[in-house]
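Colleague: need a structure here:
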Amino acid sequence: MPRPNLPVEHFADVSTAHLSPRDRALLDRYIETGGVEGLSCLVGPYGWLIYASSELQAAEHASPGLAAILDAARAQDCAYVLFDRDGLQIDGIQTYDVQRK
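Modeller: Below you'll find the model as predicted:
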């Protein structure tokens, strides 16, 4: 069987430390409401994956840091941002000392 030519997307990998408590609540609300409210994402035990291009309107409810990261991801042709507890912290973007439940 021939190997299929799959679409490839780029993603940014940053620390969950950049997510404010309000950002985390927006992400958790999306999961808790089955996608009815909040900021669309996938969640795992170590962070969240956000589709950067679909969050233009939702970014008005996000922290300035989250909005800046999503904007930078789009500008750098990243389709997704992975917020990973082991991801790198980005200079110039606020961090928060929040423990994940």
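Colleague: CA atoms for contacts and neighbours, from now on please.
Modeller: OK.
Colleague: what is the burial count for residue 15?
Modeller: Other residues near residue 15 come to 17 when the count uses other Cα atoms under 10 Å.
Colleague: pretty sure it sits against residue 93.
Modeller: No - taking contacts as Cα atoms under 8 Å, residue 15 lies outside contact range of residue 93: 10.6 Å.
Colleague: poorly predicted segments of this structure, please.
Modeller: Within the chain, the ranges that satisfy pLDDT under 70 run 54-60, 99-101.
Colleague: which residues of it fall in strands?
Modeller: Secondary structure of the chain, counting by DSSP state E: strands at 10-15, 42-44, 47-51, 78-84.
Colleague: starting at the chain centroid, how far to the longest one?
Modeller: If you compare the mean C-alpha spot of strand 78-84 with that of the full chain, they lie 5 Å apart, counting by Cα atoms, centre = their mean, to the nearest Å.
Colleague: centroid-nearest residue for the protein?
Modeller: The residue lying closest to the centre of the chain (Cα atoms, centre = their mean) is residue 50, at 3.8 Å.
Colleague: contacts only, for that one.
Modeller: 40-42, 80-83 (Cα atoms under 8 Å, 6 or more residues apart in numbering).
Colleague: any idea what it is bridged to?
Modeller: Beta-bridge pairing of residue 50 under DSSP bridges involves residue 81.
Colleague: residue 18 is in contact with residue 96, correct?
Modeller: Yes - if you go by Cα under 8 Å, residue 96 and residue 18 touch, sitting 6.2 Å apart.
Colleague: those two: who's more crowded?
Modeller: residue 18 (27 against 11).
Colleague: on that earlier part again, where's the residue nearest to the centre of the chain relative to residue 75, distance?
Modeller: Distance of residue 50 to residue 75, computed by Cα to Cα, to the nearest Å: 15 Å.
Colleague: in the chain, which spans are helices?
Modeller: 21-32, 64-75 (DSSP state H).
Colleague: for those, which one sits closest to residue 87?
Modeller: helix 64-75 (13.1 Å; Cα to Cα).
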